[in-house]
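**Q** kindly generate the corresponding structure for this input.
(one chain, ligands or ions: 1)
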Amino acid sequence: MHIEKLVVPTPFPVGPINLYLILDDPLTLIDTGPKTDEAYATLNSELARVGSSIESLRRIILTHTHEDHCGLAAQLARESGASVHVHEWEMDNIIAPDVTRVSGPLLERAGVPAGEIEDMSARYARIHNYAEAVESAVSFKDDDEFVFASGSLRVVHTPGHTPGSSCLFRESNRLLLSGDTVLKNITPNPILNRDPIDPARRFPSLGEYLVSLARIRSLAPTLVRTSHGADVTDFEEHFHRFLRHTSERQASVIKMVPKEGASAWEVSRGLFPGVKDIHRFLAVSETIAHLDQATAENKLVMEERGGVDRWVRS
Ligand SMILES: [Zn+2]
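**A** You can find the predicted model right below:
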């Protein structure tokens, strides 16, 4: 099984995305790049560089449904006839054209002012233009296998960055294609999402993410090929670095909670003063993730007041 990395530009602060082409039968592309002319042109030339083409794609597997990962899926499927595969928890994101990632009710519960929610929604609506809904897709779940002529890739469902985020694992040489779940120099944002099982609730993204990382650790991958930046060759060290970073961040989040208690929005404004644009959404997302995790660890207590969750120190 021969795997080629294709690097495609994105308009997002994260920079270019790494796509992986499995040069085997059926010819399979992991993630697609965003729906921009630059990404499409670069993908064409990257495929040509390795002696391939869009028309010869047979299968497209999405690690998750952020726009830089799934944006071109519809167009590539149209031009090649390839099937599109996505985790069952993110099926709606890829086939429903008007899905917005920013959930108003969840942000209201976090104490985000109405004007801010409107602004965040408008910004995400613009980002959503970098993806096109696919006509049909096939869902996969944890432990499913994608079979090739010379081997297979196993789905490892690793919720956290998004609820349906999934890695692909090649057992024979312990190679992991990690999507955004493991990145070399960036900590993936735990983004505020509805719980796929109970959409009225928040998805416990950080708690789930910690479990996912422990699961990856148990696979003992020797090489992790990531979606942004370099490979990770020392997962064990990466894992411990993340745990340290998480407990430091948790401590600073807890310190920001005043005696009388505060909403997630108030804590995030204290933690990340002066952040602008979409980073205000990412900041409140990360703050909620840490507050929920600290609550799960009995370090904070959450109480609801007038439809807003407030945290106090326990
Ligand atoms: Zn992502």
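
**Q** what's near enough to touch the residue in the chain that the ion sits nearest to?
**A** Nearest residue of the chain to the ion, counting by Cβ to the ion: His66, 3.5 Å away. To be clear about C-beta, it is placed using only N, CA and C from the backbone, and glycine gets the same treatment. For His66, the contact set (Cβ atoms under 8 Å, 6 or more residues apart in numbering) comprises Thr162, Asp180.

**Q** swap in 7 Å and give it another go.
**A** Residues counted as contacts of His66 (Cβ atoms under 7 Å, 6 or more residues apart in numbering) are Thr162.

**Q** ditto for Leu168
**A** Ile30, Ile61, Leu153, Val155, Leu177.

**Q** spit out the contact partners of the nearest residue to the first one once chain neighbours are set aside.
**A** Going back to what we said before, that points to Ile30. Spatial nearest neighbour of Ile30, chain neighbours left out: Tyr20 (4.2 Å); criterion: Cβ to Cβ, 6 or more residues apart in numbering. Taking Cβ under 7 Å, 6+ apart as the criterion, Tyr20 is in contact with Ile3, Lys5, Ile30, Leu177, Arg225.

**Q** what number of residues lie near the closest residue to Ser263 other than its chain neighbours?
**A** Nearest non-adjacent residue to Ser263, counting by Cβ to Cβ, 6+ apart: Gly111, 2.7 Å away. Residues lying near Gly111 (other Cβ atoms under 10 Å) number 22.

**Q** do you know the pLDDT at Gly111?
**A** Listed pLDDT for Gly111 reads 96.

**Q** and Ser285, how many residues sit next to it?
**A** Other residues near Ser285 come to 23 when the count uses other Cβ under 10 Å.

**Q** tell me the contacts of the closest residue to Ser103 other than its chain neighbours?
**A** With sequence-adjacent residues excluded and distances taken as Cβ to Cβ, 6+ apart, Ser103 is closest to Arg194, at 5.4 Å. Counting by Cβ under 7 Å, 6+ apart, Arg194 makes contact with Ser103, Leu106, Phe203.

**Q** spell out which parts of this structure neighbour the ion.
**A** Residues of the chain lying near the ion by Cβ under 5 Å from the ion: His66, Asp180.

**Q** now do the strands in the chain.
**A** 2-8, 17-23, 28-30, 59-61, 83-87, 138-140, 145-148, 151-157, 166-170, 175-177, 223-225, 262-263, 300-305, 308-313 (DSSP state E).

**Q** partner strands of the shortest one, parallel or antiparallel?
**A** Put plainly, it is strand 262-263. With DSSP bridges as the test, strand 262-263 is paired with strand 308-313 (antiparallel).

**Q** now the strand it pairs with: buried residues?
**A** Val308, Asp309, Arg310, Trp311 (16 or more other Cβ atoms under 10 Å).

**Q** and which of the residues you listed is nearest Leu76?
**A** Asp309 (41.1 Å; Cβ to Cβ).

**Q** one step back: quick one: buried ones out of the contacts of Tyr20?
**A** By 16+ other Cβ under 10 Å, these give Ile3, Ile30, Leu177, Arg225 as buried.

**Q** the first one against Asn18, yeah?
**A** Translated: Ile3. No. Between Ile3 and Asn18 there is no contact under Cβ atoms under 7 Å: 10.9 Å.

**Q** what does the residue nearest to Ser263 show for phi and psi?
**A** Main-chain torsions, Gly111, degrees, to the nearest 10: phi 80, psi 20.

**Q** before we move on, what about Thr36?
**A** Main-chain torsions, Thr36, degrees, to the nearest 10: phi -130, psi 160.

**Q** wait, it sits on Pro11?
**A** Yes. Counting by Cβ under 7 Å, Pro11 is a contact partner of Thr36 at 6.2 Å.

**Q** compare those two (neighbour count), which wins?
**A** Between Thr36 and Pro11, counting by other Cβ under 10 Å, Thr36 is the more crowded of the two (19 against 13).

**Q** which residues does the more buried one contact?
**A** If you count contacts by Cβ under 7 Å, 6+ apart, Thr36 has them with Pro11, Tyr130.
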